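Visitor: fold the following.
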Amino acid sequence: MKNYILIALGLILSVQGMAQTGLKAGANAPSFTAIDNSGKKIDLKALLKTHKSVVLFFYRGQWCPYCNKQMQHIQDSLQLLSGKGAYVIGVTPETDENIIKTVGKTNASYAIVQDKGYSIMKSYGVNYTMDNATVAKYKGYGLDMSKANGNADNVLPVPATYVINSAGKISFVHFDKDYSKRASVKDILAAL
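Guide: So this is what the prediction gives:
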């Protein structure tokens with residue numbers, strides 16, 4: 001746990017220096033198609049035709065205790081979210097192998113999408129590249145980002161959460177560069 005706290009503090013500092021601002025409420029949600037962790041095709045436009053809304057959130061990886069906590073809270077409240085007509089999707093740069101670890105830690109039964117080329121993260125304005133000093137610091141703590149994400153790009157998302165309504169508009173945004181601050185399930189439910 002001590003290493004995770006140190007990693008968290010280092011990442012907060014490196015994230016706060018980046019320029020990303022994310023999308024704003026009222027913006028059109030960029031559409032995307034991807035394959036989730038269960039092999040199911042995820043098409044945002046199609047989901048919005050069959051659900052009242054989509055809860056789209058971005059997480060860093062199974063190594064992040066804040067991500068795991070948020071994902072557990074979402075899983076614990078999945079029936080409430082689904083009861084309001086929402087479909088939940090988590091988006092991450094981590095490898096399929098690490099997504100399996102995330103599911104093991106969080107019991108997540110909702111869709112999780114690996115964003116290999118960062119196209120979803122980029123379209124929502126949440127991607128950033130970690131600086132070399134932070135990457136080296138993490139490696140010293142035992143976290144090799146190239147193994148976690150399966151490449152040497154060192155790209156992570158700001159842990160943003162968006163609620164997208166059936167018209168394809170973003171109706172709720174939580175975007176905070178301090179990745180220890182996450183959208184609460186209560187706030188997400190209120191936005192549905």
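
Visitor: tell me where the chain has strands.
Guide: 33-35, 41-43, 53-58, 86-92, 111-114, 127-129, 155-157, 161-165, 170-174 (DSSP state E).

Visitor: ok, the spatially most central residue of the chain to L143 distance?
Guide: The chain has F58 as the residue nearest its centroid, 1.2 Å off, counting by Cα atoms, centre = their mean. In this structure, F58 and L143 are 18 Å apart, going by Cβ to Cβ, to the nearest Å. Backbone N, C-alpha and C define where each C-beta goes, glycine included.

Visitor: related to what we said a few turns ago, so what's the residue nearest to the centre of the chain up against?
Guide: 90-92, 121, 124, 126, 157-161 (Cβ atoms under 8 Å, 6 or more residues apart in numbering).

Visitor: what does T92 give?
Guide: Taking Cβ under 8 Å, 6+ apart, one finds 58-61, 99, 102, 112-115, 157 in contact with T92.

Visitor: check contacts around L56.
Guide: Going by Cβ under 8 Å, 6+ apart, L56 touches 29, 44, 89, 91, 124, 161-164.

Visitor: please identify which pair of those residues lies farthest apart.
Guide: Spanning the widest gap among the contacts of L56 are L44 and T161, at 15.1 Å by Cβ to Cβ.

Visitor: neighbour count winner among those two?
Guide: Neighbours were counted for L44 and for T161 using other Cβ atoms under 10 Å; T161 has more, 24 against 19.

Visitor: beta partners of that one?
Guide: According to DSSP bridges, the residues that bridge with T161 are F57, H174.

Visitor: so, low pLDDT: which residues of this structure?
Guide: The model of the chain has pLDDT under 70 over residues 1-19.

Visitor: one more time with 80
Guide: The chain contains residues with pLDDT under 80 at 1-20.

Visitor: would you list every one of the helices in it?
Guide: Using DSSP state H, the helices found in the chain span residues 2-16, 44-50, 65-76, 78-83, 96-106, 119-123, 132-140, 145-149, 185-191.

Visitor: mind putting those in JSON lines, distance to D36 included?
Guide: Formatted as JSON lines, the helices of the chain follow (distance: least, Cβ to Cβ, whole Å):
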{"stretch": "helix 2-16", "distance to D36": "26"}
{"stretch": "helix 44-50", "distance to D36": "11"}
{"stretch": "helix 65-76", "distance to D36": "14"}
{"stretch": "helix 78-83", "distance to D36": "15"}
{"stretch": "helix 96-106", "distance to D36": "9"}
{"stretch": "helix 119-123", "distance to D36": "12"}
{"stretch": "helix 132-140", "distance to D36": "27"}
{"stretch": "helix 145-149", "distance to D36": "18"}
{"stretch": "helix 185-191", "distance to D36": "19"}
